[in-house]
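Asks: Sharing a sequence plus its predicted fold:
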Amino acid sequence: MPFSATLLAGGKSTRMGRDKAALPFGGKLLWEHRILTLQMAGAAELFISGPVDGVYAQSGYPIIPDPLPNCGPMGGLLAALRRATYGHLLLLAVDLPEMTAGHLLRLWTRCEPGKGAVFRGEAYEPLAAFYPREILTVAERRTKDGDYSFQSLISEAQSLGLMVAVPVTPSDALLFRNWNAP
């Protein structure tokens, strides 16, 4: 099954004090590194969710701004799901520099038509997950009610049979360490 992917790069970076997408990592900018990861995972189409004037503006990738102001990463998910061609959307946050294509592919093997997959440690890890198109109506309803929590979205989606949780092993925990502060 082919899947769509979006790089979440629209955060305000208030704790970091500068745009995280523009941080150097592995000889590239962080956003470039994460795009390579999405390509290596096999994304059939790729978007960047964030401001149209971001550091990636000249990348050639379609840039999708958030449809709702101040709703955090949920806005990126909504915008990307509305735009995605395929039945699943891989969402990856720009500030997860250690996440690998191999781990994302491991998650992909747990997906089925109409069912996505998310890693779960102490909580769900929603910013490196596959979302089925069918979750869009649930996410739209929740955001209309002012609920932008991925934890509650995924919990509801799991109860509806739209998501499966894949345990995070202790050795995988570093993959989810995000860059929030200098």
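Replies: Arrived safely.
Asks: what are the ranges of the strands in the chain?
Replies: Secondary structure of the chain (DSSP state E): strands located at 4-8, 24-25, 28-29, 45-49, 63-64, 88-93, 116-120, 124-132, 163-167.
Asks: Need the ones you listed in CSV (columns: distance to Leu38, mean pLDDT and mean neighbour count).
Replies: The way it works is simple: take the backbone N, C-alpha and C, and place the C-beta from them, glycine included. Below are those laid out as CSV (distance: least, Cβ to Cβ, whole Å; pLDDT from 0 to 100; neighbours: other Cβ atoms under 10 Å):
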stretch, distance to Leu38, mean pLDDT, mean neighbour count
strand 4-8, 4, 95, 27
strand 24-25, 15, 68, 13
strand 28-29, 14, 79, 16
strand 45-49, 6, 94, 22
strand 63-64, 14, 92, 20
strand 88-93, 6, 96, 26
strand 116-120, 16, 96, 23
strand 124-132, 11, 96, 24
strand 163-167, 18, 96, 17
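Asks: Ser152: which of those strands is closest?
Replies: strand 124-132 (9.7 Å; Cβ to Cβ).
Asks: Adding distance to Leu104, write the strands of the chain out as a markdown table.
Replies: Listed next are the strands of the chain as a markdown table, based on distance: least, Cβ to Cβ, whole Å:
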| stretch | distance to Leu104 |
| --- | --- |
| strand 4-8 | 9 |
| strand 24-25 | 17 |
| strand 28-29 | 18 |
| strand 45-49 | 13 |
| strand 63-64 | 20 |
| strand 88-93 | 6 |
| strand 116-120 | 10 |
| strand 124-132 | 7 |
| strand 163-167 | 11 |
